[in-house]
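Trainee: need the 3D shape of this:
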Amino acid sequence: MNLIKEVKQKLSYKFDMKDIGIEHFIPVMEIRKNREYRNLLLSRQKNIEEIMKRFNRKYSNWSRSLSLCPKVYEEIEYMAHLPYVSVVGNLMYAMICT
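Mentor: Residues are numbered from 1 along each chain as shown. Below you'll find the predicted structure:
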């Protein structure tokens, strides 16, 4: 315990931080503690599922290739109204912050 306190103290000199203890869920991140293996599992699955629901998509719909690119004007017009930039931005944020 003394070592943990010492590490926290040293980290707090370098970083602006607050010790909130072990939580089971921080908004956008699930934390599971495995006492047997003495490790933590961080998961953004619920956050990513929420992003996909917000944009009305399922995981399987997100595989992309050149063959799926719009080819006629109607398809191009339809694709222009889909919020891909927002979806990609949200998913990249989840990826980078994890």
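
Trainee: is it correct that Lys46 falls within a helix?
Mentor: Yes: secondary structure of Lys46 (DSSP: H, G, I helix; E, B strand; the rest coil): part of a helix.

Trainee: so it sits against Glu30, correct?
Mentor: Yes: contact criterion CB atoms under 8 Å: Lys46 and Glu30 qualify, at 6.1 Å. Just so you know, the C-beta spots here come from the backbone N, C-alpha and C atoms, and that holds for glycine as well.

Trainee: list the neighbours of stretch 80-98 that are in contact with it.
Mentor: Val28, Met29, Leu42, Arg44, Asn47, Ile48, Ile51, Arg54, Phe55, Arg57 (CB atoms under 8 Å, 6 or more residues apart in numbering).

Trainee: ok, now stretch 39-46?
Mentor: Residues from elsewhere that reach stretch 39-46, judged by CB under 8 Å, 6+ apart: Val28, Met29, Glu30, Ile31, Arg32, Lys33, Asn34, Ala94, Cys97, Thr98.

Trainee: what are the phi and psi angles of the third one?
Mentor: For Glu30, the backbone dihedrals (degrees, to the nearest 10) come out as phi -100, psi 140.

Trainee: report the beta-bridge partners for it.
Mentor: Phe25, Ser43 (DSSP bridges).

Trainee: and it, what does it touch?
Mentor: Applying CB under 8 Å, 6+ apart, the residues near Glu30 are His24, Leu42, Ser43, Arg44, Gln45, Lys46.

Trainee: turn the contacts of stretch 80-98 into CSV, columns for neighbour count, distance to Glu77 and pLDDT.
Mentor: Shown next, in CSV, are these (neighbours: other CB atoms under 10 Å; distance: CB to CB, whole Å; pLDDT from 0 to 100):
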residue, neighbour count, distance to Glu77, pLDDT
Val28, 15, 34, 74
Met29, 16, 38, 78
Leu42, 10, 41, 82
Arg44, 18, 33, 84
Asn47, 19, 31, 83
Ile48, 17, 29, 83
Ile51, 19, 25, 82
Arg54, 12, 23, 79
Phe55, 16, 19, 75
Arg57, 13, 19, 61
